[in-house]
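Colleague: give the three-dimensional model of this entry:
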Amino acid sequence: MIITQIKKIGKGERYSIFLDGSFNCALEAEILVREKLKEGQEVSQRQWDRIRLENGNLACFSRSLSYLEKGLRTQKQLQDYLKEKGYPDQSITQAIEKLSEYGYIDDTAFAESYIRTYKSRKGTRKLKFELLSKGVSSEIAEEKLAELISEEETVESCRKLLEKYLKGRPLDPKLKAKAYAHLAGKGYASDVVMHVLSEVKNEDWD
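Modeller: Next comes the predicted model:
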């Protein structure tokens, strides 16, 4: 096979590669330089397969970094994202291993950040469910929830959400049922919800 044309793609660092007169793939500039590829050069199928694999690994790793720059992600979130983008499993595995080694992926750090951000708005049940759905293990989720949220904080956040929900309205039986459902939906345990509801008198909040 002969490299018949190498054409830069836009303003980025990628190049379209044409073999025997037809477009074959896009390569990262780093691969192009590393392999010293040039127009008119002959490459074997085995050599080209290796180059494309290395390019896929590099592209996958670069895309991972760009994704992680937007915020903390779990390993599962990154894996799902890369699969959606069409990267092969081998490239995804390699990228995740490198990023974990460099400390860019840390499910424990993600769990801590997530809990600190939402603990004033959600109960532990909902927080755990959401952490699990994002790929955090049950062990990490439970450990960090116990470490970062005290029983007093849970009651206080539930109380504030109830106050916000009621907006000073008298707590009649109908509204009480709705308030219970609202707080339960936020992930608060039944005993916590009943406790804060029992504190409310049929008068405006101070």
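Colleague: let me see the ranges of the strands in the chain.
Modeller: 3-9, 14-19, 22-28 (DSSP state E).
Colleague: can I get the ones you listed in TSV with distance to L127 and mean neighbour count?
Modeller: In this view, the C-beta of every residue, glycine as well, is placed from N, C-alpha and C. Formatted as TSV, those follow (distance: least, C-beta to C-beta, whole Å; neighbours: other C-beta atoms under 10 Å):
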stretch	distance to L127	mean neighbour count
strand 3-9	43	14
strand 14-19	41	18
strand 22-28	40	15
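Colleague: do you know the pLDDT at L127?
Modeller: With respect to pLDDT, L127 scores 96.
Colleague: wait, doesn't it sit right on S120?
Modeller: No - when contacts are counted by C-beta atoms under 8 Å, L127 is not listed as touching S120 (11.0 Å).
Colleague: so which of the two has more stuff around it?
Modeller: Set L127 next to S120 and count neighbours by other C-beta atoms under 10 Å: L127 wins out with 24 against 12.
Colleague: center of this protein - which residue?
Modeller: When C-alpha atoms, centre = their mean is applied to the chain, the residue found nearest the centroid is R73 (3.4 Å).
Colleague: which residues are in contact with that one?
Modeller: The neighbourhood of R73, defined by C-beta atoms under 8 Å, 6 or more residues apart in numbering, consists of 67, 81, 105, 110.
Colleague: repeat that for C60.
Modeller: Here C60 is in contact with 82, 87, 91-92, 94-95 (criterion: C-beta under 8 Å, 6+ apart).
Colleague: and the gap between it and G40?
Modeller: Distance, C60 to G40, by C-beta to C-beta, to the nearest Å: 29 Å.
Colleague: ok, now I9?
Modeller: When I9 is compared with G40 (using C-beta to C-beta), they lie 20 Å apart.
Colleague: again with G187
Modeller: 64 Å.
Colleague: try L131
Modeller: Taking C-beta to C-beta, one finds L131 at 55 Å from G40.
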